[in-house]
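>>> just the structure for this:
(one chain, ligands or ions: 1)
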Amino acid sequence: MSSASSITSLYGSNLTISEESINDDIKTVSMDCSREERSFYHLSIDEVVRRVKLWHHTMPRVLPHYAVKCNNDLAVLKTLALLGTGFDCASRAEMSKVLSLGVPASRIIFAHPCKIASHIKYARSQGVSLMTFDSHEELKKLSKLYPEGDLVLRIRCDAESAQCQLGMKFGVQPYEARSLLQFAAQLNLRVVGVAFHVGSGCAEPQVFLRAIAAAKQVFLEAVEEGHSPSLLDIGGGFMGGMQDSLAEAAGYINTALEEHFPQSMGVTVIAEPGRYMVASAFTLVTPIINKRVTRIPVKEVISSNVALEMEVGKRSDDDGMVDTVMHFIDDGVYGSFNCVLYDHQVVKPTTLQSFAGSESITSVWGPTCDGLDQIIAAMMLPSSLSVGDWLVWEEMGAYTLAAAGNFNGFSLPGVKVFMHQHTRMYLEELLEQQSLSESGTEGSSGICSEDECCSSASSGTRPASPCNGESYDQQLLNALTTQCTVSKAQC
Ligand SMILES: Cc1ncc(COP(=O)(O)O)c(C=O)c1O
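Sure thing, here's the model as predicted:
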């Protein structure tokens, strides 16, 4: 099998190689499935690849460990696995999903300070040793369940402003760290590093200066307590979307690393970006399934937009009523738009087609029978927009599908995967390199090494006659496409 067809097999029939714009891709799909009136996501693998490249360019010292919780779509995980990123997993299921792609356990951090006992046992059975903690009780648990684990102490350092604060739940104040470091030493546990998370969707990138300085102090205390820390985990907090502030945050991070963790210290620096990697890669496309024109009291038109408020004022009658349009779509706050409630996202659609003529004050609603299922309270949309037309929601990759449910029996949108030819060629090259470099070494996922699997192979790096009749590329591909079933015993 050539690597060209490997990429196609890797992503499955959902993959389209397209040189078109996202809007044109979307138009093609919407025309295909318009009879079914089903929402779908457009996933741009080009955007995921671009983000990873930009990350390495901007912060060459910081190894990204993608936060799976943000969006666990398989095509995203496979792409990141190929690109060589690490992964931040918070549960057994997340670890299992990542491991099933052939990612070595050493590239995973179990970054949950309050772990479920059975998940710790699972991590141990799979060799995922890097784990965060922030309490005495967690240390007691770990000393029983995973005494040889590599522990990372999570400290608290909150950004002044963030979309979702995390510090009230996780991370000890730096001044509380010493007692945990001492307790870990008493239990003969190994503290290998310090972690923090400044808050998801952080709007104060300077916070990294404070957080890295605080981590350095805890590093020094760890050494005083007999540990040998060598890992700094700067967490997430990197904005997603087109207007991300990676360059600004990177400026502060690189400066602080230089000052507190110079290269000569030999400290490994990792991060756990979620939002940054996926927000802009996903575009949600939803058909309008119903429309109702109605008059409502002005006080029910809730908007924080001044221009819209003025428009409502102009259009309202003396009796305090105003004409509005309600659009209903087949995805709502119990589905992808849970991000409006849980992640405090502000979403705003555009229309797939352009419309001439007047605009109406419009609200947008999800499909369930719950009045809470309102996605947009008020915005201006074309008056002629109607049932069967499509709304396009950009930057819907972070904390959308991953937290969505099927309340009231409504299914979630499928994901259509797109990439340009140049991205396909780039990923094929990586797949090729990966298969070459992994030949002769044991893949921790159960991918057999060349020596183990194919002792009769010729001396080249690639097996001439694979033991199970499959090329090495194919074995690697199997691991990435499905749970690897090739055990050493079978080989
Ligand atoms: C431990 C941990 N790491 C990483 C992330 C991802 O961070 P972000 O949403 O800022 O990308 C989160 C988000 O909640 C998290 O809890």
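>>> and the strands in the stretch 1-150 of the chain?
In the stretch 1-150 of the chain, the segments counted as strands under DSSP state E, counting those that start in this stretch are 15-17, 40-44, 62-67, 86-89, 108-110, 130-133, 150-155.
>>> nearest to the ligand among those would be which one?
Closest to the ligand of the strands of the stretch 1-150 of the chain is strand 62-67 (CB to the nearest ligand atom; 3.6 Å). Quick note: C-beta positions are derived from backbone N, CA and C, even for glycine.
>>> so whichever residue of the stretch 351-491 of the chain sits closest to the ligand: helix, strand or coil?
Nearest residue of the stretch 351-491 of the chain to the ligand, counting by CB to the nearest ligand atom: residue 398, 6.6 Å away. Three-state assignment for residue 398 (DSSP: H, G, I helix; E, B strand; the rest coil): coil.
>>> residue contacts, it?
By CB atoms under 8 Å, 6 or more residues apart in numbering, the contact list for residue 398 reads 70, 71, 240, 274, 275, 278, 279, 339, 343, 345.
>>> residue 205 too?
245, 248, 249, 251, 252.
>>> what residues does the stretch 151-300 of the chain put near the ligand?
Residues of the stretch 151-300 of the chain that fall close to the ligand, judged by CB under 6 Å from any ligand atom: 166, 197, 200, 235, 236, 237, 238, 272, 273, 274, 275, 276.
>>> I'd say the last one and residue 50 touch.
No. At 11.5 Å, residue 276 does not count as touching residue 50 under the criterion of CB atoms under 8 Å.
>>> who has more neighbours, the two?
residue 276 (28 against 14; other CB atoms under 10 Å).
>>> gap between the more buried one and residue 52?
Note on residue 276: its distance to residue 52, by CB to CB, to the nearest Å, is 10 Å.
>>> same question for residue 90.
In terms of CB to CB, residue 90 sits 21 Å off from residue 52.
>>> returning to that earlier point: looking at the contacts of residue 205, which is nearest residue 365?
Nearest to residue 365, judged by CB to CB, of the contacts of residue 205 is residue 245 at 32.7 Å.
>>> is there a neighbour count for the closest one? I'd like the number.
Neighbour tally, residue 245, other CB under 10 Å: 16.
>>> now stretch 369-378: how far from the chain's centre is it?
Per CA atoms, centre = their mean, to the nearest Å, the displacement of stretch 369-378 from the mean C-alpha position of its chain is 26 Å.
>>> ugh, wrong one, stretch 208-215
Distance of stretch 208-215 from the chain centroid (CA atoms, centre = their mean) equals 24 Å.
>>> lowest-confidence helix or strand of this structure?
Lowest by mean pLDDT, DSSP states H and E among the helices and strands of the chain is helix 450-453, with a mean of 30.
>>> now do the helices in the stretch 251-400 of the chain.
Along the stretch 251-400 of the chain, the stretches classed as helices by DSSP state H, counting those that start in this stretch are 275-278, 306-315, 338-342.
>>> out of those, nearest to residue 366?
Across these, the minimum distance to residue 366, taken as CB to CB, is reached by helix 338-342, at 9.8 Å.
>>> so where's the protein uncertain?
For the chain, the stretches with pLDDT under 70 are 1-5, 33-36, 243, 438-491.
>>> need the longest strand for it.
The longest strand of the chain (DSSP state E) is strand 282-297.
>>> neighbouring strands - and their directions - for that one?
strand 40-44 (antiparallel), strand 321-329 (antiparallel), strand 390-393 (antiparallel) (DSSP bridges).
>>> and that strand, which residues are buried?
With burial defined by 16 or more other CB atoms under 10 Å, the residues of strand 282-297 counted as buried are 282, 283, 284, 285, 286, 287, 288, 289, 296.
>>> so what's the residue in the stretch 101-250 of the chain that the ligand sits nearest to closest to, chain neighbours aside?
Per CB to the nearest ligand atom, residue 236 is where the stretch 101-250 of the chain lies closest to the ligand, at 2.1 Å. Distances taken as CB to CB, 6 or more residues apart in numbering put residue 272 closest to residue 236, at 4.8 Å, once the chain neighbours are dropped.
>>> OK, contacts around residue 430?
Neighbour list for residue 430: 82, 83, 84 [criterion: CB under 8 Å, 6+ apart].
>>> just residue 234 next, same as before
By CB under 8 Å, 6+ apart, the contact set of residue 234 is 62, 195, 196, 208, 211, 212, 215, 253, 269, 270, 271.
>>> kindly report the same for residue 138.
113, 114, 115 are the contacts of residue 138 under CB under 8 Å, 6+ apart.
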